[in-house]
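Enquirer: show me the folded form of this:
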Amino acid sequence: MSDKVELGPDGKVLVPDHVADAVRTLIEWAGDDPAREGLRDTPRRVARAWKEYCQGYNEDPSVHLSRTFEEVGGYDEIVLLRDIPFQSHCEHHMAPITGKASIAYLPRDRVVGISKLARVLGGYARRLQVQERLTAEVARCIWDNLHPHGVAVVIDAQHGCMTGRGVRTPGVGMVTSRLLGCFLDDERSRKEVLSLMGY
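Expert: Next comes the predicted model:
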């Protein structure tokens, strides 16, 4: 769990010296001079940015699913939020993961505000991640908290650890999916939800 965030009088996140020193060391190790004008304030800026990138450690995504609605006018079909943009960072190289997620569920007797699905995704994405785990965590959170007939999550993303280093292959997308309940067990339901998602 990350340290508690403290704010200075200017409203900015206070950065402990040892954190700024770590970034400074990395800049120097990479071959630049952390004391030069353009880099002088970079260690604290980088530290503040990483506190923001990883703010998901300070929240429980399931709280977004605590308020539900039962009055849906008899609606009993798939609820789908498609192509939700997100950004995360891979836990292996701390490089950006950018992509889109489609999240669907078949309600049993209650629904949740659609923005809450995107908030659940954001809560898990703003942590150091692997795409497979991110996909599974989002699906499990919805399954455990809404108790629907089925959940489907498909994520399509590009990984900076592939595009900017190593094999350096830009434009390659990785697709992961997690299906639970009727979307896993019933072929017709599975085909329907994946078709609605565009797969």
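
Enquirer: just give me the residue closest to the centre of the protein.
Expert: Ala125 (1.6 Å; CA atoms, centre = their mean).

Enquirer: tell me the phi and psi of that one?
Expert: Ala125 has phi and psi values of phi -70, psi -30 when expressed as degrees, to the nearest 10.

Enquirer: give the contact list for it.
Expert: Gly56, Phe86, Gln87, Ser88, Ile97, Leu134 (CB atoms under 8 Å, 6 or more residues apart in numbering). Every C-beta, even on glycine, is put in place using the N, C-alpha and C of the backbone.

Enquirer: nearest to Gly198 among those?
Expert: Phe86 (16.9 Å; CB to CB).

Enquirer: give me the neighbour count for that closest one.
Expert: For Phe86, the neighbour count with other CB atoms under 10 Å is 19.

Enquirer: three-state assignment of it?
Expert: strand (DSSP: H, G, I helix; E, B strand; the rest coil).

Enquirer: what score does the residue nearest to the centre of the chain have for pLDDT?
Expert: Per-residue pLDDT puts Ala125 at 98.

Enquirer: distance check, it against Pro61.
Expert: The spacing between Ala125 and Pro61, counted by CB to CB, to the nearest Å, is 10 Å.

Enquirer: ok, now Arg82?
Expert: From Arg82 across to Pro61, the span is 19 Å (CB to CB).

Enquirer: these two - which one has more neighbours?
Expert: Pro61 (22 against 13).

Enquirer: OK, contacts around that one?
Expert: Going by CB under 8 Å, 6+ apart, the list of residues near Pro61 reads Arg119, Val120, Gly122, Gly123, Tyr124, Glu137, Val138, Cys141.

Enquirer: give me the number of residues near the closest residue to it other than its chain neighbours?
Expert: Nearest residue to Pro61, sequence neighbours excluded (CB to CB, 6 or more residues apart in numbering): Gly123, at 3.2 Å. Residues contacting Gly123 under the criterion other CB under 10 Å number 22.

Enquirer: C-alpha coordinates for the longest helix anywhere in the chain, PDB please?
Expert: Across the chain, the longest stretch assigned as helix under DSSP state H is helix 131-146. Coordinates of each C-alpha in helix 131-146 appear next as PDB, following Å, rounded to 0.1, in the frame of the first residue of the first chain:
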ATOM      1  CA  GLN A 131      -3.400  -6.800 -18.700                       C
ATOM      2  CA  GLU A 132      -4.600 -10.300 -17.800                       C
ATOM      3  CA  ARG A 133      -5.000  -9.500 -14.100                       C
ATOM      4  CA  LEU A 134      -6.600  -6.200 -14.900                       C
ATOM      5  CA  THR A 135      -9.200  -8.000 -17.000                       C
ATOM      6  CA  ALA A 136      -9.900 -10.600 -14.300                       C
ATOM      7  CA  GLU A 137     -10.100  -8.000 -11.500                       C
ATOM      8  CA  VAL A 138     -12.700  -5.900 -13.200                       C
ATOM      9  CA  ALA A 139     -14.800  -8.900 -14.100                       C
ATOM     10  CA  ARG A 140     -14.600 -10.400 -10.600                       C
ATOM     11  CA  CYS A 141     -15.500  -7.000  -8.900                       C
ATOM     12  CA  ILE A 142     -18.700  -6.700 -10.900                       C
ATOM     13  CA  TRP A 143     -19.500 -10.400 -10.400                       C
ATOM     14  CA  ASP A 144     -19.000 -10.300  -6.600                       C
ATOM     15  CA  ASN A 145     -20.800  -7.000  -6.100                       C
ATOM     16  CA  LEU A 146     -23.700  -7.000  -8.500                       C
END
